[in-house]
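Student: have a look; sequence and predicted model below, questions after that.
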Amino acid sequence: MLDWIAYRDELMGRIGEIGKLSPGTVQGYTALSNAGSKTNHLDAKTRELIALAVAVTSRCDGCITVHAGAAVKAGATREEITEALGTAIALNAGAALVYSARVMDAVDAYEKA
């Protein structure tokens, strides 16, 4: 599929370029990304499991490579990661169902117009 580690290294290099050209953007992103660890209501492993589930639903390869590495480093097991991904799969299918209902509602509105 991908050489995830090489991809992460290349991605970080490109993000470094963006940081040089627009430091406030990357600083703001970093502050936002680190905000959860400041309150520490969730441990690092739980935050990374959530991040992986969100990465799947947002279809972000960069997020996947960064947070897969961080989840492993935080001690997440393959089983825990798979369970988190199962939740993402269930919600994404649910979201498609909910948005399908919205489509039908929009179709009703146009048919009545």
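Tutor: Arrived safely, thanks for sending.
Student: which secondary structure elements does the top helix by length along the chain contact?
Tutor: Counting by DSSP state H, the longest helix found in the chain is helix 78-112. The contact analysis (3 or more C-beta pairs under 8 Å, 6 or more residues apart in numbering; DSSP states H and E) places helix 78-112 against helix 44-58. (C-beta placed from N, C-alpha, C; glycine too.)
Student: on the three-state scheme, the nearest residue to residue 52 once chain neighbours are set aside is what?
Tutor: Of all residues not flanking residue 52 in the chain, residue 67 sits nearest, at 5.0 Å (C-beta to C-beta, 6 or more residues apart in numbering). Under DSSP: H, G, I helix; E, B strand; the rest coil, the three-state class of residue 67 is helix.
Student: equivalent analysis for the one 4 residues further on, please.
Tutor: Using three-state DSSP, the structure places residue 71 in helix.
Student: contacting residues around residue 108?
Tutor: With contacts taken as C-beta atoms under 8 Å, 6 or more residues apart in numbering, residue 108 has no neighbouring residues.
Student: next one: the residue nearest to residue 52 from residue 20, what distance?
Tutor: Using C-beta to C-beta, to the nearest Å, residue 67 is found at 24 Å from residue 20.
Student: the closest residue in space to residue 7 that isn't next to it in sequence: what's it in contact with?
Tutor: Distances taken as C-beta to C-beta, 6+ apart place residue 65 nearest to residue 7, at 5.5 Å, with adjacent residues excluded. Taking C-beta under 8 Å, 6+ apart, we find residue 65 in contact with 2, 4, 5, 7, 8, 11.
Student: what residues of stretch 82-96 count as buried?
Tutor: Buried residues in stretch 82-96, counted by 16 or more other C-beta atoms under 10 Å: 84, 85, 88.
Student: dump those residues into JSON lines; add pLDDT and distance to residue 43 as well.
Tutor: JSON lines is the format used below for the buried residues of stretch 82-96 (pLDDT from 0 to 100; distance: C-beta to C-beta, whole Å):
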{"residue": "84", "pLDDT": "97", "distance to residue 43": "14"}
{"residue": "85", "pLDDT": "96", "distance to residue 43": "19"}
{"residue": "88", "pLDDT": "95", "distance to residue 43": "19"}
